[in-house]
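Engineer: Fold the following, please.
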Amino acid sequence: MHKRTMIQAALAAALLAASSLGLAQDNKFRIGLILPMTGQQATTGRQIEAAARLWMAQNGDTVAGKKVELIVKDDTSVPDVTRRLAQELVVNEKVNVLAGFGITPSATATAPIATQSKTPEVVMAAATSSITEASPYIVRTSFTLPQVSVVLADWAPKNGIKKVVTLVSDYGPGIDAEKYFKERLQLNGGQVTESLRVPLRSPDFAPFLQKVRDAKPDALFVFVPSGAGAAVMKQFVERGMDKAGIRLIATGDVTDDDQLNEMGDGALGVVTSHHYSAAHPSAANKKFVEAFEKANKGLRPNFMAVGGYDGMRVIYEALKKTQGKGGGDALLAAMKGQIFESPRGPVYIDAQTRDIVQNVYLRKVERKNGQLWNVEFDVVKDVKDPGKAK
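Structural biologist: Residues are numbered from 1 along each chain as shown. Prediction:
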């Protein structure tokens, strides 16, 4: 035990020395972008890296006299790999900021390294409410599952949905989605008759969906991570659940813009709540979508892309404000309280929680000009994370 404590102390000293040395050593500003570039969450990595590179292409790679370098590492969504990569990036590569983080366990695995080395950790994807509490150096530019789940639970009972079965991936964000949707639906006079949890790795939705069909609720509420929505949609339609009068409602991960066109007509009419749609009608978003598609062979940006794009903005603005001086603490202070117009709409970084406050939109899948889109029909403005509102 004593030996382990000594090793941890030595690592902490190395991390702290590395972070201060990185600032003094040269005129470079390094961003360590840790993402799942292969494996089940590979679409998340692809979208965020593309968005980060687009931001740099549009805004240059020199800020406040510092040459910005993006160092991309693939953690394959394995938290032990994320932790090792973060440690190497801080100690060996002398990064000034750690960023990315496709899933919650990866973001929290890095938290002690961010704290020990005083390196800001910008979470661009992972969405469990508690992430920002894992380290005072974490800032989030994505969203939280409670943010989007409560909005849908407010909408459902007003639209004939009283009895619901929930189906979520069995890890942090899924448990958050289940908890906050259920609490808010009950508060609004609705009822969750059953809560089903699917394994995160190699999920088979078929037996769960059969259970739902037998239970005959008004609707099925679903959360699965980005990339898994197409499989849910396919099996939902194959089992004829829509024809059995069961509506599918979900967080926006399920009708992911990246995969929506592959889902086919079965997705038409599905109502979701989310903080970003590629169909968001603002001028800023139209410009973003056009530039993203042009730079990535027609790939449509999804909510992961906007988390990466805005994350780069937050880093750039913090570097401008600090002029590259003062280390991680100064950068962190400059990230807190930022207010700006994102492609998703107006957002700000809450100075107390370091979490993003943003609009949440209700959307319906519609076909326009031969393509499927998440078309917004209502908005709840300036939604804070309900997980921290208590």
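
Engineer: out of everything not next to it in sequence, what's closest to Pro112?
Structural biologist: Ser135 (7.2 Å; CB to CB, 6 or more residues apart in numbering). To be clear about C-beta, it is placed using only N, CA and C from the backbone, and glycine gets the same treatment.

Engineer: Wait, that neighbour touches Gln116, no?
Structural biologist: No. Applying CB atoms under 8 Å, one finds Ser135 not in contact with Gln116, separated by 9.3 Å.

Engineer: Check the secondary structure at the residue sitting nearest the centre point of the chain for me.
Structural biologist: Centroid check for the chain by CA atoms, centre = their mean gives Ala125 as the closest residue, at 2.7 Å. When classified by DSSP: H, G, I helix; E, B strand; the rest coil, Ala125 comes out as coil.

Engineer: my read: it touches Asn302, true?
Structural biologist: No. Using CB under 8 Å, Ala125 is not in contact with Asn302, being 10.5 Å away.

Engineer: Now the common contact residues for these two.
Structural biologist: Ser226 (CB atoms under 8 Å, 6 or more residues apart in numbering).

Engineer: ok, Ala42 - contacts?
Structural biologist: Ala42 makes contacts with 36, 227, as judged by CB under 8 Å, 6+ apart.

Engineer: Can you tell me how far it is from Val150?
Structural biologist: For Ala42, the distance to Val150 (CB to CB, to the nearest Å) stands at 30 Å.

Engineer: after the lowest-mean-pLDDT helix or strand in the chain comes which helix or strand?
Structural biologist: Every helix and strand of the chain was ranked by mean pLDDT, DSSP states H and E. The lowest is helix 2-25, at a mean of 53. Following helix 2-25 in sequence order, the next helix or strand is strand 28-35 (DSSP states H and E).

Engineer: so what strands line up beside that following strand?
Structural biologist: strand 66-74 (parallel), strand 97-100 (parallel) (DSSP bridges).

Engineer: Low-confidence stretches in this structure?
Structural biologist: Under the criterion pLDDT under 70, the flagged ranges of the chain are 1-25, 389-390.

Engineer: Where do the helices of it begin and end?
Structural biologist: Listed in chain order, the helices of the chain (DSSP state H) span 2-25, 42-59, 79-91, 104-117, 145-155, 172-187, 206-215, 229-238, 260-263, 283-295, 303-322, 327-335.

Engineer: Ser342 is nearest to which of those?
Structural biologist: Nearest to Ser342 among the helices of the chain is helix 303-322; the distance by CB to CB comes to 5.0 Å.

Engineer: Show me which positions of the closest one end up buried.
Structural biologist: 303-319, 322 (16 or more other CB atoms under 10 Å).

Engineer: Repeat that for stretch 123-133.
Structural biologist: For stretch 123-133, by 16+ other CB under 10 Å, it's 123-129, 131-133.

Engineer: wait, Val254 sits on Ala231?
Structural biologist: No. When contacts are counted by CB under 8 Å, Val254 is not listed as touching Ala231 (10.0 Å).

Engineer: overlap in contacts of those two?
Structural biologist: Common neighbours of Val254 and Ala231 (CB under 8 Å, 6+ apart) are Val224.

Engineer: Same drill for these two, tell me which one is more crowded.
Structural biologist: Val254 (29 against 16; other CB atoms under 10 Å).

Engineer: list the contacts for that one?
Structural biologist: 222-224, 229, 232-233, 248, 270, 272.

Engineer: Buried ones among the residues you listed?
Structural biologist: By neighbour count, with 16+ other CB under 10 Å, the contacts of Val254 hold 222-224, 229, 232-233, 248, 270, 272 as buried.

Engineer: Could you dump those residues into a markdown table and include distance to Ala351?
Structural biologist: Listed next are the buried ones among the contacts of Val254 as a markdown table, based on distance: CB to CB, whole Å:
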| residue | distance to Ala351 |
| --- | --- |
| Val222 | 34 |
| Phe223 | 29 |
| Val224 | 32 |
| Gly229 | 34 |
| Val232 | 37 |
| Met233 | 39 |
| Leu248 | 38 |
| Val270 | 36 |
| Thr272 | 30 |
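
Engineer: Distance from stretch 383-390 to the middle of the chain?
Structural biologist: Going by CA atoms, centre = their mean, to the nearest Å, the spacing between the C-alpha centre of stretch 383-390 and its chain's C-alpha centre is 16 Å.

Engineer: My error: substitute stretch 136-151 in the last question.
Structural biologist: Using CA atoms, centre = their mean, the offset of stretch 136-151 from its chain centre is 8 Å.

Engineer: Kind regards, and thank you for your time.
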